[in-house]
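>>> Here is a sequence with its predicted model. Questions after.
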Amino acid sequence: MSASAAQIQESIQEPRVKNILISQAEPAQRAQYDDLERKYDVRIDFVPFVTLEGLTEKEYRKNRVYPNDYTAIIFTSRHAVDHFFRLCSEMRIKMSDETKYFCATEAIANYLQKYINFRKRKVFNGTRSITELRAYILKNKGEKFYLPCSDQGNPEITSFFKELTVPLQEAIMYRTVNNDLSELADVKYDIIAFFTALEIKSIFEQFPEFKQEDRRICVFGTAALKAVSERGLTVNIQAGTPEAPSIAVALENYLRKSNSPGN
């Protein structure tokens with residue numbers, strides 16, 4: 001089923017939801033999810049499907065690629081920010097004050113304040129994706145671009161830069177490792193929410209016979225949407241859109257219909 005066919009129509013009364021599984025660690029601030037539990041009488045569990053492990057300084061040095069040789073850094077997640085500056089610190093590398101940073105979202109751009117003196121003139125951000133920064137990247141195509149990423153790489157970004165004919169250096173700074181999900185084997189959830197394609201890969205590697213059945217699937221962003229669709233599953237709830245910028249908002253939009261009084 002196509003993504004458009006899987007969109008929820010306002011007129012449809014959805015089956016009631018009793019429990020929800022979110023495939024990431026419980027956030028420090030979970031007030032939005034607490035509100036959903038109280039308001040719609042659901043239980044929300046957080047189980048991280050994957051763990052990110054940073055490369056050691058010794059492992060990274062084998063690449064012979066050094067961040068301070070580059071003038072523009074691409075960040076697609078907070079994890080990338082943390083591992084970038086961790087390795088810079090361990091290698092005693094200080095980035096120039098003139099380094100430019102291109103971030104996928106405003107939240108990632110703001111997170112940079114943890115590590116740098118934040119100046120608007122050298123930090124650019126999209127709302128959902130680096131691809132929204134086409135004009136800024138082309139304007140700065142003379143810079144040397146560097147992309148901190150996981151061992152899975154970032155095909156979307158590398159393809160985008162290839163399309164722009166702007167050179168880009170990928171640098172693996174962390175790896176993904178599946179968490180043990182065996183305790184979920186006999187647990188049934190009405191909704192499973194995925195943030196990344198790696199979480200979907202994890203569940204199929206550990207449960208090769210996994211079937212959607214009457215579960216509803218929620219995804220954040222285009223990569224997770226693509227990964228779910230490629231597995232032959234149906235996306236029922238989509239986040240990372242103007243109508244639902246976060247998983248919490250997307251879930252509430254759905255629960256408003258599924259768990260309305262009388263359902």
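Nice, thanks for sending it over. Because the structure is a prediction, the values reported are computed rather than measured.
>>> Let me know the secondary structure of D35.
Three-state secondary structure (criterion: DSSP: H, G, I helix; E, B strand; the rest coil) places D35 in helix.
>>> Count the residues that sit near it.
Counted with other CB atoms under 10 Å, residues neighbouring D35 total 12. Backbone N, C-alpha and C define where each C-beta goes, glycine included.
>>> repeat for D186
Residue crowding around D186 was assessed by other CB under 10 Å; the count is 6.
>>> name the element it belongs to?
Secondary structure assigned from DSSP states H and E places D186 in neither a helix nor a strand.
>>> so what's it up against?
Taking CB atoms under 8 Å, 6 or more residues apart in numbering, we find D186 in contact with no residue.
>>> Okay, domains of this structure per the record?
Here the chain is described, according to automatic domain parsing, as comprising the domains 19-49+189-252, 52-176.
>>> Compute the first-to-last residue distance for the shortest one.
It stands for domain 19-49+189-252. In domain 19-49+189-252, first residue to last residue: 13 Å (CA to CA, to the nearest Å).
>>> neighbouring contacts of whatever helix or strand F124 lives in?
Taking DSSP H and E as the definition, F124 sits inside strand 123-125. When contacts are defined by CB under 8 Å, 6+ apart, strand 123-125 is touched by residues K100, Y101, F102, C103, A104, T105, E106, I108, A109, L112, L133, Y136.
>>> make it 10 Å
Contact partners of strand 123-125, identified using CB atoms under 10 Å, 6 or more residues apart in numbering, comprise 72, 75, 99-110, 112-113, 116, 130, 132-133, 135-137, 139-140.
>>> how much space between S23 and K188?
Distance of S23 to K188, given as CB to CB, to the nearest Å: 15 Å.
>>> Which one of the two is surrounded by more residues?
With other CB under 10 Å as the criterion, S23 and K188 differ in neighbour count, and S23 comes out ahead with 24 against 11.
>>> can you give me the strands in the chain?
With strands called from DSSP state E, the chain shows them at 19-22, 43-46, 50-54, 72-75, 100-103, 123-125, 145-150, 168-178, 191-194, 216-220, 237-239.
>>> got those as CSV, with mean pLDDT columns?
Shown next, in CSV, are these (pLDDT from 0 to 100):
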stretch, mean pLDDT
strand 19-22, 97
strand 43-46, 97
strand 50-54, 92
strand 72-75, 97
strand 100-103, 96
strand 123-125, 94
strand 145-150, 95
strand 168-178, 95
strand 191-194, 97
strand 216-220, 95
strand 237-239, 94
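>>> Reformat the ones you listed as a markdown table; add mean neighbour count and distance to Q29.
Conversion of those to a markdown table gives the following (neighbours: other CB atoms under 10 Å; distance: least, CB to CB, whole Å):
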| stretch | mean neighbour count | distance to Q29 |
| --- | --- | --- |
| strand 19-22 | 22 | 14 |
| strand 43-46 | 15 | 13 |
| strand 50-54 | 16 | 20 |
| strand 72-75 | 24 | 21 |
| strand 100-103 | 22 | 21 |
| strand 123-125 | 20 | 21 |
| strand 145-150 | 23 | 25 |
| strand 168-178 | 18 | 24 |
| strand 191-194 | 25 | 17 |
| strand 216-220 | 25 | 17 |
| strand 237-239 | 23 | 17 |
